[in-house]
Every structure is written in C-alpha cells, then in structure tokens.
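J.: Quick check, what structure comes out for this input:
(5 chains)
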Amino acid sequence: MAPVAIGLFMALGALLFAALLEKISFGALIAPSPMILVFVGSLGATFIAYKTKEWKRVPKVFGVALKGKVPDADALVTTFAHFADVARKEGMLALEGEIGKLEDPFLKTGLILEVEIESLTARHHDMAAFFLTLGGFAPTFGLMGTIVGLIGVLRDLSDPTKLGKGMALGLLGTLWGVVAANLFFMPIGTKLNRLHDSEVAVRRIAIEGVLGIREGMASRILVERLEARLSPEMRKGHTGRAGKSPAAPQVAA
Amino acid sequence: MAPVAIGLFMALGALLFAALLEKISFGALIAPSPMILVFVGSLGATFIAYKTKEWKRVPKVFGVALKGKVPDADALVTTFAHFADVARKEGMLALEGEIGKLEDPFLKTGLILEVEIESLTARHHDMAAFFLTLGGFAPTFGLMGTIVGLIGVLRDLSDPTKLGKGMALGLLGTLWGVVAANLFFMPIGTKLNRLHDSEVAVRRIAIEGVLGIREGMASRILVERLEARLSPEMRKGHTGRAGKSPAAPQVAA
Amino acid sequence: MAPVAIGLFMALGALLFAALLEKISFGALIAPSPMILVFVGSLGATFIAYKTKEWKRVPKVFGVALKGKVPDADALVTTFAHFADVARKEGMLALEGEIGKLEDPFLKTGLILEVEIESLTARHHDMAAFFLTLGGFAPTFGLMGTIVGLIGVLRDLSDPTKLGKGMALGLLGTLWGVVAANLFFMPIGTKLNRLHDSEVAVRRIAIEGVLGIREGMASRILVERLEARLSPEMRKGHTGRAGKSPAAPQVAA
Amino acid sequence: MAPVAIGLFMALGALLFAALLEKISFGALIAPSPMILVFVGSLGATFIAYKTKEWKRVPKVFGVALKGKVPDADALVTTFAHFADVARKEGMLALEGEIGKLEDPFLKTGLILEVEIESLTARHHDMAAFFLTLGGFAPTFGLMGTIVGLIGVLRDLSDPTKLGKGMALGLLGTLWGVVAANLFFMPIGTKLNRLHDSEVAVRRIAIEGVLGIREGMASRILVERLEARLSPEMRKGHTGRAGKSPAAPQVAA
Amino acid sequence: MAPVAIGLFMALGALLFAALLEKISFGALIAPSPMILVFVGSLGATFIAYKTKEWKRVPKVFGVALKGKVPDADALVTTFAHFADVARKEGMLALEGEIGKLEDPFLKTGLILEVEIESLTARHHDMAAFFLTLGGFAPTFGLMGTIVGLIGVLRDLSDPTKLGKGMALGLLGTLWGVVAANLFFMPIGTKLNRLHDSEVAVRRIAIEGVLGIREGMASRILVERLEARLSPEMRKGHTGRAGKSPAAPQVAA
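T.: Model prediction:
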C-alpha cells in the first residue's frame, strides 16, 4: 500500500501546498456541484460500457491497486530450484507432495497455462480500462461544469462582483475534472496495467519452471534459465538459492 | 438494458443536478441551433464515409447496445459438457439430434468458424466505428457553433447585455458537442466494441468445444479446458455441470 | 454518389441553419483571407510530402470517393457458383472461355493475387493519407489565420468597434480550418479507407474462389465457403444462386 | 526539388497573402524572440535524444528531403528484364559483367538484402523521427513564448496601449511554433518517411529480381511478377521493355 | 554527456533569452508554488504506478540518460573479426581464454541471449515510461496551478492591479508544466528509449557473432554479415579490421 499512499500524498499535498502559498483556502476549492458532476458523471458514462457484474468487481480491483501486492519472482525461482532438487533426488512422487502444499491455484494445475494467461489478460485489461476510461471522461465532465457555469454567469453581466465569483466557481469544474483524472483514475489504471505485467512475467517463469521440471532439467541449469528473466542484481545463481524453500508466492487472482 | 439506462441516468442526472446547484434552469441549456448543428452535422459528416445500406443497420445496432445482451459463456460450457456425455454414451447420431434443437445458427454450421469470426469482427467494428466517428465529429461541430456565435456577437459590441447573452448562446454549441460525444456517442461505441469482445470470447469457447467433441474428448477434460477461458469464480468443474443441459446461449448475429 | 452528397448536405446544411437561427448571414462567414489560408496552405503543406505524379492522381481519387462505387461481393459469389458448375460439367477449357468475357483485369490474371493486394493497399493508403494529412493541417492553418488576425487587432486597441470586427474576422480562420477538416478532408479520407477495405474483402473472396475452382471444389461447397465472408442476411446458399450468372463486379483499379 | 519548393511556396504564400489581406505587414510577424525560442528551443530539446554523430547527418538528410529523388521502379524492372535475357542467352558470366557496370552498391552485393533493409529502415526512421520530434516540440516552445509574454504584460496593466502590443508580441510565439511545426518540420518528417517507403518498395523489387534471375526465371515471367508491384498504369509487360536497358536507378543511401 | 548538456543548454538558453528580449527578468519566472506543484505533483502521480524498488533505480537511470554512453557497434565487429581468426588458427580453447578477458557479462554467457534481450527490454521500457509518464502529468499539474491561481484572482475582482499580478502568477503554473515536460521529462524518456534501441542493435550483432563463431564461419564472411547491420559509412570490411582487437564495448546493464 505504501507506494500508492506516498504518491497520492505527494500529488495531493503539492496541490494543497500550492493553493496555500497563493493564499487560497482549501474550502474555496471544495464545491458540491463540480465534484458531483465529475465523479458521478464520468462513472455514469463509463458504466454504460460495462455489465452490472463487472461494476461489482470494481471495489475489489481498487483494493488490489491500493495494496499493489506483486508476485515475488525471486521466491518463485528458489521454489523451482527446490522442486528440481526434490524431483531428482526423491522422485516425481515426492514432488507431488510438495506441490500439494502450495496455495496458488495457478501453480497447482500447471496444465493449460497459456490459455489461462490469455484469459487473465483479457480480465485484467478490462478492469484497468475501466479506470482509464473514467480518467478519459473526467476532464470532459469538468469542462461541461465550467461551460454551464460560464453560461450562468454570461446571461447576467450586470453585477461584476458576481461575474468573478461565478467564473471562479465555473473553473472548479475544470479543476476537479483534471484532478480526478490525474490524481485518481489515470494513476490507478496505469498501476493495474503494471501489476498485470508483473504478474504475467512471474507466470511466464512458472510456465518455464514447470516445463523444465517435466523435462527433468538439473536444478543448476533451471535456475540459470529462469534467472535470465530477472534483472541482473536479482540473480543469485544456484548456490545462492540451494537449500532454501520459501512458500510459493501469493498472486492476486 | 439496465446498465446502459443506469449509466446514462447517472451521467445526465449529474449534469442537470450541477446546473440546478448553480441555479441555471434546464431550459437555459436547451437551444435548437447548437443541438441541430451538433447532431445533424456530425451525423452528416459520418454518413459520408458509410454506405446507405449501412445507415439502415444503425438503429438495430443502437438497440443491441441498449439491450447489451451478452452471450452466456457459462451455459455454453454446460451445453458442451452435456454434448460430450451424449456423444460418448449414445453416439454421434444422438448428438446430432441434440444439436438440431439449438437455435443459434453459428453453432449449427460449426464448420468454417474462424472465417466467420473474422467476417463478424469486420462487420461489428464497422458499426462501433460509426458511433466512435460520430463522437469524434460532435465536439468539432459544437466548436463551429461556438465560433459562429462568437462571430455574431463580436460584429456588434455596442450593447454589452447582448454580448453576455450571445456568448452564453455560443457556448451552448461547445456544451452540446461535448455532451453528445461523451454521454451518447463514445459510450455506445465503446459498449459495442466490448459486446463484440464478449461475443468473440464465447465463440472461441464454441470452436474449442466443437473440436473437443470431434476428437471424442471426455466430458471431464473438455469442461476443464473450456473453463480455463472463464474467470476463476465462474469455474464449477464437471461435477457442477453434470446432468444440466441449458439451452445454448442466444447470440445477437 | 448519393451517400456522400446527402452527408455533405446534412453537415453543411446544419452549419448554415445554425448560423441562420443565430441571425448571422451566410455572407458574414465568407471571407477570402481565411479560406485561401486554410485551403491553399494545407494543400501546400501536404504537397511537400507527395510527388508531382501523385498530385495528378488526386482529382481522380476524389471522384472515386464521391461515387463511392463498391465492388459487389454478392455478384462475385454467384459468378463463382456459375464458374464451379461450368468447370465441373463442361471442363476447364469451357471455363476459360467464360473468364475471357470478364472485364475486371484483376480476375483475369488471378496469378499473383496476394502481391497485387499488397501493392494495391500501399497505393490506396497513400491516397487516403493525402486527405487525412490535409485534414490534419487545415485546423493549424486556420489557427495561424486567427493568430495573425488577433495580432493585427491587438496592435491597435484604440477603436473598440474595430476590435470586435477584427476578432470576428480572425475567428473565421479557426472556423474555416475546422470546417475544411471536418466537412471535407477527414470524411473523404475515411471514405477512401473504407472503400479500400470493401474492395480488399471482395478480392479475398476472389482469391478463395479461384483456389476453390482450381481444386475442383463442388459448387455447393464453394458457395458455402465464400458466403462465410458475407453478412448473414446476404447468404442465399447454392440454391439461391444456381443458374444465375451476373457479370463479374466492376472494381475501381 | 520541385514538389517541396512548390508546396512550401503555396503554404508560406497563403500565410503571407492572408496577412496582406488583413493589412498586417510581414514585418509585424517577424520578431527575434519568438523565432529564436521556437527554432533553437525545439532543436535543443530534440538534440538531447540524439548523438552528436547523428546531428551531423541532419543537413544531408534535409537535402535528401528537398531533392526528393525517388528510386525509379520502372527502370529497375526493365533492367531486370534485360538481365534475365542476358543470363539466358549469354550465361551467368556475361551477366556478371553487366552487373559490374551498375553504380548502386545495394544491387552489387545482393547477398544479405533483408538485413540491409532492416538496418536501413532503422537509420531512416531515426532521421524522420528527428524532424517529427522537432515538429512536436515547436508548438510547445511557441506556447512558452506566449505565456512568458503574457506574464510580462499582466504584471503591469496600467498602460492599455502596452497591453495590446505586448499580447500581440506574445501571440507571435504561438504563431511561430505552429508555423515551424506545420510548414517545416512535420512536412519534412512525413516526406522522409514516404521517401523511405518508396525506396523499400524498389528494394523489394530488386530482391525479387535477384532471386528470379538466380532461379533462371524466363524474362517474360519475371517481368510479370515484378510488375505486380507497380501500379496498373505503369505496367508495360515484357514487350514494352524488351531490348531497353536503362542504367539501374540511383538510390540515396 | 555532451549532447544532453548542449541540448539542454540550447533549450533553456532560448527560453531565458526570449524572456530577456521581452524584458522579463528570470526572477519573474521563478515562483515556489507552481514549481512545487509541477515537480512534486507529477512525481507523486507517477510514483503511484511504480514500486518503491523501482523508485530507487530512477537516479541511476537518470545518470545513464545524462551520460548517454552507447555501446560501440564498430568495436564489437572488430572484436568478432579477431575472435573468428583466433578460433580458426588457434582453436576454440584459445578463444575461450580471449573471451575470459572481456568485461561485459552479457558476452560471457552468450547462452540465453534472446530471453535476456526480452527481459532487458521490459526493464528499460519501464524506466523510459517513468519519465514519459512524468512528462504526461507535468502539464496537467501546471494547469491545476493556473486554475487555482485564476480562482483566487476571480474571487476578488475589486483591485485591478492585483488581477494582473495574480493572473501572471497563475500562468507560471502552465509555463512550468510545459517547461518540465518538454525540457526535462520528455527528452530524457525519449533519450532512454533511443539508448535502448542502440543497445539492442549491438546485442543483435553479438548474437549473430556468437552464432557465426560457433558455426566456424570464416572471419571475412562474418565481418561482411555483421557489417550489414552498420550504416554504409561505418563499413570497413575485413581488411580494415584485421589485426586490431579493441576491448569489447562496455554496455550499461
């Protein structure tokens, strides 16, 4: 959760600090009409393209983005190093016992992995697209608020004091449209896409690991092959992993 | 129909509520000239690129988007579980009788499926592109309205009262351009593309099911293979489907 | 020609009607300087990227877009049904006589079809890109006109009457830029791309038909295979086509 | 050179003519500060992403775009018709003498052609991207100039005469940003990409020609195969080319 | 480092020079609130999508972009020419001694090269995307600053002197957003992507070189094949490289 919270704190803090420096109270930026228009309006426009069943998945997905728990590629390589050793020394039967202890349903089946990744990609992209679509609609709804505000102001130009206040209120629409898109919706959509990429990368390691063990590949060679998918500073080689058997990484389904 | 109606109600409601909060009557947002310009103008510009035969398909496609009826992947898997059992126990002849009861013409042929999906994709994308093109043209026609309005105002600056009213009227062009694009055209185009994706996903299950039954695959294995294309919470396994034979899902052609 | 004319009439009519409703005469929208700037300027910027030989092809291509004549996929399927029957009953020699009667050079060679489609695609996309590039440049040249107009106005703010008229004139630049792009250049470019897609779809039917006849495929099966590329309502089956032999469709080269 | 010069003349002429019609002297559009900002600024921002070695290639590439010399596909087909005849009648040895007379280094090697095209594409796209990146940066640097100008104006609103002149000067930034991008950088980048496409098309003819001659293909068939890559009006058949042997086309490396 | 420094100097210098020419002191462009908003805000919004572990890699990557050290393709070809000679004359064993002297870990393994390039591409693109995402957020945070400033100004229109100064301050937000994006974030992101392309090109030469030596290819032929990936002016042939054995190029990992 930390990175999301820190990032959000920085972005929102910078906005409030800038308002403070220009002697604009936070209250002056809060107004019900533009906030309702931007958040409810863009949610509505986005909902049109999604099924009710998918709406219900949004809060859970939002939580996934907040936690940002990424599958642990390093632990997975160590697990496969262990598996390869067990398969060699104690036979496939002993290995099946080990695998039975895993919690990740993905690793258990290990059968139709490529199709799983394809179907998982379609599901994840749908949910990331939900937030990116929201982020696309938000500024246009903010713009609607500003135009409506301007229309209200321009219809009666007799009182110049009202003119300024009306335009200030109108501009809040644009502000909240931009804030909603760039502080909330876009970063969350981008985050979900990146979480998905990390997950797929780990699953590709798993596929290669399963294939390697089936071929009876030696632990040392399997580790070398799997580590080619890690960044150089994460590579420990077989000796750095021997004898350790961490629990297989938990992956959000 | 529900999701589209709720989404539209939320988006439009938010806009009207915001106007209400800023004490702008709904009537002030209604004006014939910008509405005609935006809707007729962008329809005209879009029609240029479409054949008369395709224009006629638009209202039907619009209805498809409103209903949002998506093919039932779950029922299809159960149907194939049933088919695999019939084929095994009663032979291919009995299966043909079962298939004759289906209503979906797509499943009946089952022969040249890949080409069908290709040709279906071209047809669907044409229709989604129709609404997305509309959504692309609408704001530019709104902008034309605003510029024309501004030109009218600027040519006679002598009466400041008229100035404000003229500019308010002019801004309605931009407002309706943005509203038409973001409340109607873009969400419908996106919806049609997503409906297409759902349909293709189900048709891919059908292709794999037909192939599996031709190979004489066991019901249990076929279900496992087809369910890899469903999300984890939809997977019931063979036992969850045995003995049930829902009607094959209806799919909008 | 009808769809293009109707579309253009709707779009242009909506613009003029909106101007009329706001009591702005059509004459007020006509001014030589922004029109010259937008049309000549964007043509010039586009010409830079095209060879003189390609410039000369533009009027012909423009005519193709206006007529919008699309190859008749239906007639082509019937033709191939007829060809398959002739080949079966009267032999390949008789078929060659039939083919000699065709006017479409594309069907005559039937040899190096895939390369032809590739080279045809490159040529067509070049011409569609010509109009889409024009549509990309037009608004920026309109903007130049507006900025130049504003600069002229701002340099002498002493007479407020001239201010309004100058700004109105300046805005005509933006108006004509948007009109030229969205009423003329973009729709024509899109139309050309769509005409190309229709033509390629028909040529793919032709390729499959030629291959089918060479393999000596039965008329009934050939029709079924070719009709998979038509939309469901266009499928008549072999019985709906037997005995009819329309002239092969004319296709703009 | 002609098309580039004519295009540039039309675009620039339209701009100056529009200024003239609105009674704005050309001198009023010339100001050192926005021109320096736009040209030097966007060059600087683009240089950051390019190596010094690549900077030096820019003037040469600029010249290539100006000349717009495109390889002559027609002459190449005739050359290969001649080569095929020589190879048949006088043998491969005589052909090698003919090839020795060619000037194009590309045709001489004829060995590792596919890799050459790949590496040539990377080099050419880098250079086209240089001008397209310039065209992307130019309007933003123009915008910076306008904002800086506006800030200068707004800090002292006491003298309304200065206000107008300051804003006019500020707008020159936006004008020059748009002009630099749309009259110079974008068209040149597009031109370079199109020149590259033409060159690759010709090189593909050359690859097919070399392969055809190696296989000992008859001149008549080779011409038919190569002409499938030309537009219909350029196809002369073998008889239209027999006995002519133009120099192989010069291609800018 | 030179190209980045020169480019930055040109872009920043042009901005300051333009400000100077319009008699705006540099101090007038410096204000804490827009600068904090743009830099801290867009960093925060970008951090949301990145893991803490990735944040830490940013300064190192920034240094890589500044240095812009690109792998030396020329030296690599010469090295392989030398290797091929050694392998032929002194045998594979002697060659292994030579390879042991290399510093680049990439060349040492030479085993699972394609997967390495894939995983390297994912890592590099993540880091380039970091700066490009920053560059996408910066102008929107600048816009927020301008809107907040305008709101502050419009709420009290009584003092026209304050109006101008407030708007000037507000515009600094937009200015810094555009400057941060176009002078810093975008060029650095583009630079990183181009550095990556150069590195991959060199690694592809290395893969082909390793394969060539394993096949026992003659030095002369290997050089010809590898040089097809260099630009024509870099090609020296075997004679231009014989007897020289530069250190293998250093490549940033």
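J.: Which residue ranges of chain A form helices?
T.: Ranges of helices in chain A, per DSSP state H, are A:2-21, A:32-47, A:52-67, A:73-100, A:105-109, A:113-154, A:160-179, A:186-214, A:219-227.
J.: what's near enough to touch the residue in chain A that chain B sits nearest to?
T.: Of all residues in chain A, A:Gly44 sits closest to chain B, at 2.9 Å by C-beta to the nearest C-beta. Where you see a C-beta, it was placed from the backbone N, CA and C, and this is true even at glycine. When contacts are counted by C-beta atoms under 8 Å, 6 or more residues apart in numbering or on different chains, A:Gly44 is found next to B:Ile6, B:Gly7, B:Leu8, B:Phe9, B:Met10, B:Ala11, B:Leu12, B:Gly13, B:Ala14.
J.: pLDDT, neighbour count and distance to D:Ile221 added to these, as JSON lines?
T.: What follows is the contacts of A:Gly44, written out as JSON lines (pLDDT from 0 to 100; neighbours: other C-beta atoms under 10 Å in any protein chain shown; distance: C-beta to C-beta, whole Å):
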{"residue": "B:Ile6", "pLDDT": "86", "neighbour count": "15", "distance to D:Ile221": "65"}
{"residue": "B:Gly7", "pLDDT": "87", "neighbour count": "22", "distance to D:Ile221": "61"}
{"residue": "B:Leu8", "pLDDT": "86", "neighbour count": "19", "distance to D:Ile221": "62"}
{"residue": "B:Phe9", "pLDDT": "87", "neighbour count": "12", "distance to D:Ile221": "68"}
{"residue": "B:Met10", "pLDDT": "89", "neighbour count": "19", "distance to D:Ile221": "66"}
{"residue": "B:Ala11", "pLDDT": "90", "neighbour count": "27", "distance to D:Ile221": "63"}
{"residue": "B:Leu12", "pLDDT": "89", "neighbour count": "16", "distance to D:Ile221": "66"}
{"residue": "B:Gly13", "pLDDT": "89", "neighbour count": "15", "distance to D:Ile221": "70"}
{"residue": "B:Ala14", "pLDDT": "89", "neighbour count": "26", "distance to D:Ile221": "69"}
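J.: so which of those comes closest to chain C?
T.: Distances from chain C to the contacts of A:Gly44, taken by C-beta to the nearest C-beta, are shortest for B:Leu12, at 22.9 Å.
J.: Which residue is the nearest non-sequential neighbour of that closest one?
T.: B:Leu183 (6.2 Å; C-beta to C-beta, 6 or more residues apart in numbering or on different chains).
J.: Could you count how many residues lie near that neighbour?
T.: The local packing of B:Leu183 (other C-beta atoms under 10 Å in any protein chain shown) involves 25 other residues.
J.: Could you do A:Leu76 as well?
T.: Neighbours of A:Leu76 under the rule other C-beta under 10 Å: 23.
J.: Let me know whether it touches A:Ile207 as I believe.
T.: No - A:Leu76 sits out of contact with A:Ile207 when judged by C-beta atoms under 8 Å, with a separation of 11.1 Å.
J.: so how far is A:Gly44 from A:Pro34?
T.: In this view, A:Pro34 and A:Gly44 are 15 Å apart by C-beta to C-beta, to the nearest Å.
J.: Please name the residues that touch the residue most central in space within chain A.
T.: In chain A, the residue lying closest to the centroid (C-alpha atoms, centre = their mean) is A:Leu192, at 2.1 Å. When contacts are counted by C-beta under 8 Å, 6+ apart, A:Leu192 touches A:Val61, A:Val64, A:Ala65, A:His124, A:Met127, A:Ala128, A:Phe131.
J.: can you list those in JSON lines and add distance to chain B?
T.: Shown next, in JSON lines, are the contacts of A:Leu192 (distance: C-beta to the nearest C-beta, whole Å):
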{"residue": "A:Val61", "distance to chain B": "12"}
{"residue": "A:Val64", "distance to chain B": "14"}
{"residue": "A:Ala65", "distance to chain B": "18"}
{"residue": "A:His124", "distance to chain B": "10"}
{"residue": "A:Met127", "distance to chain B": "11"}
{"residue": "A:Ala128", "distance to chain B": "14"}
{"residue": "A:Phe131", "distance to chain B": "14"}
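J.: just for the stretch 1-150 of chain A, where's the confidence low?
T.: The model of the stretch 1-150 of chain A has pLDDT under 70 over residues A:1-2, A:99-113.
J.: Run a quick neighbour tally on the closest residue to chain D within it.
T.: Going by C-beta to the nearest C-beta, chain D is nearest to A:Glu22 of the stretch 1-150 of chain A, at 14.9 Å. By other C-beta under 10 Å, the residues close to A:Glu22 number 21.
J.: Done for today, thanks.
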